[in-house]
Each structure stands twice: as C-alpha cells, then as structure tokens.
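> give me a 3D structure for the following:
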Amino acid sequence: MLDSTARYKIISRIETLVLKHQFNIGNIDLHEWRREVDERTPVLAEAENDSVFEQGIHGLLARLKSSHTDFYRSDRNPTKPEHAIGATLRSVTVLDTQRWMFLDVFEDSPAARSGVTPGYLLKSVNGIPAAPPEYPAFRFGEEHQLTVQPPNNPKTQNIVVMVPARKATRPRLPFVEPKSVSYRMLTKRVGIVKIAYFSGMFGIRFSKVLDAAIASLKAQGCDRLIIDLRGCIGGSLGFARLVSYMCPGRIPIGYDITRKRQQRGYDVAQLPRVPMPDTRVGVLFRLTQFSVRDKSLVLLTQGLGEQPFHGHMAVLVNEKTSSAGEMAAQFAKDTKLATLIGQKTAGLVLGADVFDVGYGYTLYLPVFGWYSPSGSYNEGSGVVPDVPVDIDPVCLAEGKDTQLNKALEMLQ
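Here you go, the predicted structure:
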C-alpha cells in the first residue's frame, strides 16, 4: 500500500499536469478546482487503502467534466464491457426495473465466440446480479459465467466468456482490441463495412485493412455502401482514411486545437492544412515537422478519387459510437456525403495523452479539442443522425436490425 508521502507526490503531479495540459472545453474554473484538490489532499493522503485513494482521485478528475480523463494502474481491468468482452450494453427498462441489454457484439470478440446475442438481457456475471448504472466487472485472463435472458422470455441461459490476458501498452489503457474491420455484400449492389476500432497508433495498419475491404467490395459490384460505426470505440487517425473514401478530392475533415493555442487565440484560416499521411515515412515526416511548433492543424482527406458508391452512402451510429467514430460521423453529416442513420453518438471527442505520475500510476488527460470545419464541436453533445431510428430488443434478438434495414431501404 502507498504511504502518505507517495500519495502527496502523485496528487501534486496530477495537479501540475492538469493545470498545464488539460484541454478545458467546458470552461471549468481551474483555480477553483485547484483549491478543491488542495483541500482534499490531506484526507486522500491518509486514505485507509489504495482503493479509497484511487476513488478520491477519480472524484476530483470527474469535476473537470471532460471525456478521455482517467487515473489508473497499469494492471487495472477495463471498466467498460466493450473493452473486455467486445460487446456494448444499453440500459433498458423491463417491468419497471433497469436492466442491461447487449447492444453491439463485435465480430470475433470474446462475447461473439461465446454466443452472446444482441438484444438479450444480462442478468448476472459469476453469480453477481448485473444492473445499471454499474457495469459488471470483467477481469483479464479469467473465465466469466454470464446468465442471459431473451427479451419477453423468462427462460435463462448460461454462457461462459473467456477474457484474454492483457497488459497496458502506452499510450492506451489495457483492453482486448476488437477486429477493426469486417465487411460483406448485403445485396448484389449494396456492401457494408463495419468499423469497431481504428487500429494502429497512426492509422497506417487500419488503412491497409480498410483498403483491402473496399477493394473486395468493389470487385463484387458494390456501388452503394453502408458504413456501420455503431459501438465504434474510436482509435487512431485511421478515421481519416475512412472519410477519404467518401469524397474524391482533398477537403477539410476538421481541426484540432492544443491547450496553448486555445488560450492565446487562433484563426482557423491560418492553421496548417495537412492530409493524413498514408505511409510510415509520411507519418515520421509530419511528426518531425510539428515537433518544434504547436500541433494545431486542419486535417484534410487524402484525395482517393471517384468511387462507385459516391452519392449512395449511409452511416449507422448509436449512443456507443465514440471518439474517432464520431469524428467520421460528423464529417459525413456536415458534408452531406452520406446519410446518418440511428441514434445520437456519445459526445466523447477530445484528443488525449498519457502521463506517468509515479508509483505505477498513469494519468489519461485530454490535451486537444476537435472541431468540425465550421467550428462546432460535439464534446458532451454527440452527433445527431439525419434519420433517427432506434432498435427493438425483440427484433434484435431475432436477428432483425431495424437501423440496417432503414439504410438498405434508403439506398435501394
């Protein structure tokens, strides 16, 4: 267990990093926040155990009201099911009781391999009842027995899900990485690309996988495309490759602003206009180019040329679409290059970095803001679809996807 001296050092380091780097999009009074930290420090330093200490730090960070903000040990298990078993959960009301329902199940994930079905209710994990608002705990390297129940059916089933062992790798929290891209033809002309995660630190690896998927669909006659971003947990710059397939030329996707640029003011027209590099050499060049100056810039599409599905695209989103998935959705909506269908996204679009605060602890902190070319941002508000469509649990459990069916209807 940490002693009080170590805790004082950790708190001081967190306070310094927040005041120096945190992107304050919510206009939080940081002087007031600092006063609260100073008041709470003696109590946290003498906390009865590390768990209570960590909870206190989480409480202070929650006051910042920003996404991509966390404090954790390198061996911590994920707090969200999508990061552990590859399935998202939605809170639903059943007979006046709040229950968890499986919403998205990623292809080839631990949940999918175990037979978890979208639309089913989650009753318990390892015999412990599961109910909102607390997510059930899933631990790395362990088997978990899930009791699930079909909607409108009292009969339950037991499913065993094995969560692989994982360790933290900078700059990300430890998690079970989902299959980034899956695709198939739905009809002779309509193809679908499902994006669960934009893999790779700079998006180069993701781009290669996406390119192969698009090439295969086009070879099969795809001239209408559905991009499924439901449940997308975000990831890397690979989202820029995805939106580059939506238009032929180079146009602005959006721009990011650092803390320093936010404080001193800026003119978007004066920011560097940079297309996403499509090679590792290009990435290294850009990193070198921006290493000695502010990293605020306008990100451009790559100019991939005309595609057979241009003018006939739909993008599916829901409340679990987050981060880079939301950036792609906002681009599609703002440019009207695709019709956005589904439910409003999560509203978690800040860019983050990780900082070592000592004694095995890491601070995850937003360091830049992301804005659409018009200057709007979706942090805390999400992207609202052009065509709102919700899912029906019974239909979902039977394999009937009302959101996907709406997209097919519109494209055909």
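
> from F355, how far out is the nearest residue to Y8 once chain neighbours are set aside?
Leaving aside its chain neighbours, Y8 sits nearest to A45 (5.3 Å; criterion: C-beta to C-beta, 6 or more residues apart in numbering). C-beta: built from backbone N, CA, C; applies to glycine. Distance, A45 to F355, using C-beta to C-beta, to the nearest Å: 20 Å.

> I11 now?
Look at I11 and F355: by C-beta to C-beta, they are 14 Å apart.

> surely N126 meets F138?
No: at 9.5 Å, N126 does not count as touching F138 under the criterion of C-beta atoms under 8 Å.

> partners of the longest strand that the chain contains in the sheet?
Longest strand of the chain, by residue count under DSSP state E: strand 361-371. Here strand 361-371 is paired, per DSSP bridges, with strand 70-73 (antiparallel), strand 252-258 (antiparallel), strand 351-358 (antiparallel).

> and the next element down the chain from the lowest-mean-pLDDT helix or strand in the chain?
Here the helix or strand of the chain ranked lowest by mean pLDDT, DSSP states H and E is helix 280-290, holding a mean of 56. Where DSSP states H and E defines the elements, the next helix or strand beyond helix 280-290 is strand 297-300.

> which stretches of the stretch 301-412 of the chain form helices?
Ranges of helices within the stretch 301-412 of the chain are 324-335, 393-397, 402-411, based on DSSP state H, counting those that start in this stretch.

> actually the stretch 151-300 of the chain, not the one I wrote
204-219, 238-244, 259-264, 280-290.

> got a list of contacts for stretch 66-77?
14, 22-26, 54, 57-58, 61-62, 84, 137-140, 167-168, 173-174, 323, 347-352, 357, 360-366, 379-380 (C-beta atoms under 8 Å, 6 or more residues apart in numbering).

> one step back: any chance of the strands paired with strand 361-371 in CSV with distance to I341 as columns?
Formatted as CSV, the strands paired with strand 361-371 follow (distance: least, C-beta to C-beta, whole Å):
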stretch, distance to I341
strand 70-73, 31
strand 252-258, 21
strand 351-358, 27
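
> determine which stretch of those is the most buried.
Across the strands paired with strand 361-371, averaging neighbours per residue (mean count of other C-beta atoms under 10 Å) puts strand 252-258 on top, at a mean of 22.

> just the CA coordinates of that strand, formatted as CSV?
The C-alpha coordinates for strand 252-258 follow below in CSV (Å, rounded to 0.1, in the frame of the first residue of the first chain):
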residue,chain,number,x,y,z
PRO,A,252,-11.2,19.6,-44.6
ILE,A,253,-12.3,16.9,-42.2
GLY,A,254,-11.9,19.1,-39.1
TYR,A,255,-9.2,20.7,-37.0
ASP,A,256,-7.6,20.2,-33.6
ILE,A,257,-6.5,22.9,-31.2
THR,A,258,-4.0,22.5,-28.4
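
> and the angle from it to helix 324-335?
Angle, strand 252-258 to helix 324-335, by axes from the mean of the first three to the mean of the last three C-alpha atoms, to 10 degrees: 130 degrees.

> what is the rounded mean pLDDT of strand 252-258?
The pLDDT scores in strand 252-258 average 93.

> next one: it to chain centre, how far?
18 Å (C-alpha atoms, centre = their mean, to the nearest Å).
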